[in-house]
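Engineer: sequence and predicted structure, then a few things I'm wondering about:
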Amino acid sequence: MMWTKCLCLLWALSALCAPVNKQRQRMLLISFDGFRWDYDRDVDTPNLDQMAMDGVKAQYITPPYLTITSPTHFTLLTGLYVENHGVIHNMWFNTTTTEKKPYYQTLFVNEWWDNGSLPIWITAQRQGLKAGSLHFPGTSSSYQGEVAMVREVEPILYNYKNETAWRENSDKVMGWFRDQDLDFVSMYFGEPDGTGHRYGPDSPERQEMVKQVDRTVGYIRHLAETHGLTNSLNIIVTADHGMSNVYRNGLVEEITLSAIPGFSFRDIAFHLVDFGPSGMLLPKPGKLETVYSALKGAHPHLHVYKKEDMPEHLHFAKNDRILPIILWADPGYVINGYFPVQFHKGEHGFDNQEMDMKPFFRAAGPAFRKNLEVGPFESVNIYPLMCHILGIEPEVNDGHLNATRNMLVTSTGTRGENRSILQNTLTGIAAVAGFLAVVFVVVTSRQILKRKRKDKRSGSVQHLPEEENTKQTGF
Ligand SMILES: [Zn+2]
């Protein structure tokens, strides 16, 4: 009987000390292109407000420079600044042939994306999770020969603002979670960027598009409920950059490079200008100083830097793809090449310290605390946050979990640090309990054997039951 009691005690202790089987954590990362941090201030956004009540709202986030779509989205997927992940522009280009490809065509240039960094889909899959992506920049590329397990790239000339298509895409992604058991999906919507460019960030059209975004967020969260995902799915809703008004029609002195004294496109081997407020130049051999000194200080709202002198906070220098001279304009201005050809009322691509470039951020789900507003943080920190929630080991990145850890409920991270601490504690308790049980059994056995020998000497033999003998050998 004593052996049975002893074993029961041990089993009870083991059960008590076994690691807690935590709720699985999944992640849906949603980007609404060009959703500036304050777009919810002049529009009723009941669903975004509800999401903030149910989770976390950041005052704003800071995107990496260059504040345009593909570079900033690849930062969300890798946690790396643009100079470190190498997707330095929306446009693929070849300085030798002077060929350029626009945004959509560049999505399909594999080597532009697959240049040494791994997006979270691949890292998650290598660690046993299942990942998917819909329309997110970078989805069509393979990385070291691997692709997201489930993926969809938008067709050419896609209508990025059709709300019916938004709902169909939301249905599709929730179906991936439910029916294909995915752990991570990134999802992209091309608005309110397009409307912000065309009509300007202060326009009623942009306000209407924000209402459409809000309805879509409500629809997605409702789908999560009806698909039975509420207890496992975490949703982050954010954006790649903001949007700023552009002034022209005599309101400002426009920046046109060909009109600057001493500057000539004959000194330039390759250029990327007429692309909002940003530009890059490759001077012909021996012409760097001529070009630089002509442009530097030529316009009070034009910033001109040699690559090696770039301000540190922009993290946009240490990459071979970045051209030797970098230009950007102050808000309100764009950089024209030969003559003004840009007619957008809104633009992005400015310094990432400009408030107009800051995107919004909301997060809700079982990993996140409720009704919490946090201060601003850099978007490089979203990647380690997602890895932590998913319980995967991140690649080397420029973010820090400490920047976002305060958003999390303490038990989050299925394989993360919190669980490690808990698990280590429980394992320690289990080891001590096991050791004490073994000591107890050994001591008791010795006492019984002593008593047996004593009984034998005194002539009365007492047999232990066979079952208990057998189990004794198991220790
Ligand atoms: Zn964008």
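Structural biologist: Ah, there it is. These figures come from a predicted structure and were not determined experimentally. Residues are numbered from 1 along each chain as shown.

Engineer: now do the contacts for residue 265.
Structural biologist: Residues in contact with residue 265, defined by Cβ atoms under 8 Å, 6 or more residues apart in numbering, are 257, 258, 271, 337, 338. C-beta coordinates here come from the backbone N, C-alpha and C atoms, glycine included.

Engineer: and the second one, helix, strand or coil?
Structural biologist: Per DSSP: H, G, I helix; E, B strand; the rest coil, the secondary structure class of residue 258 is helix.

Engineer: in contact with the closest residue to it other than its chain neighbours, which residues?
Structural biologist: Of all residues not flanking residue 258 in the chain, residue 338 sits nearest, at 4.8 Å (Cβ to Cβ, 6 or more residues apart in numbering). Shown in contact with residue 338 (Cβ under 8 Å, 6+ apart): 256, 257, 258, 265.

Engineer: what does residue 43 give?
Structural biologist: 207, 210, 211, 214.

Engineer: switch the cut-off to 6 Å
Structural biologist: 207, 210, 211 (Cβ atoms under 6 Å, 6 or more residues apart in numbering).

Engineer: and these as a markdown table, adding neighbour count?
Structural biologist: Below are the contacts of residue 43 laid out as a markdown table (neighbours: other Cβ atoms under 10 Å):
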| residue | neighbour count |
| --- | --- |
| 207 | 17 |
| 210 | 26 |
| 211 | 15 |
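
Engineer: and those, which is closest to residue 370?
Structural biologist: Nearest to residue 370 among the contacts of residue 43: residue 210, at 23.8 Å, using Cβ to Cβ.

Engineer: which residues does the helix or strand where that closest one lies contact?
Structural biologist: In the assignment (DSSP states H and E), residue 210 maps to helix 204-226. Defining contact as Cβ under 6 Å, 6+ apart, one finds that helix 204-226 is touched by 32, 39, 43, 45, 47-48, 163, 166, 170, 174, 191-192, 195-196, 199, 230, 233, 237.

Engineer: same check on stretch 390-405?
Structural biologist: Outside stretch 390-405, the residues that reach it (Cβ under 6 Å, 6+ apart) are 27, 79-81, 118, 123-124, 127, 377, 380-381, 383-385, 387-388, 413-416.

Engineer: tell me which of these fall in strands.
Structural biologist: Members of these lying in strands (criterion: DSSP state E): 27, 377.

Engineer: can you pull the contacts of residue 58?
Structural biologist: Counted by Cβ under 6 Å, 6+ apart, residue 58 has contacts 361, 374.

Engineer: just residue 36 next, same as before
Structural biologist: Residue 36 touches 242, 243, counting by Cβ under 6 Å, 6+ apart.

Engineer: give me phi/psi at it?
Structural biologist: Main-chain torsions, residue 36, degrees, to the nearest 10: phi -70, psi 150.

Engineer: tell me the bridge partners for it.
Structural biologist: residue 359 (DSSP bridges).

Engineer: verify the stated contact: residue 139 with residue 150.
Structural biologist: No - the pair residue 139 and residue 150 does not pass the contact test of Cβ atoms under 6 Å, sitting 10.2 Å apart.

Engineer: wait, a helix at residue 96?
Structural biologist: No - assignment of residue 96 by three-state DSSP gives coil, placing it outside any helix.

Engineer: and residue 136, how close does it get to residue 265?
Structural biologist: 36 Å (Cβ to Cβ, to the nearest Å).
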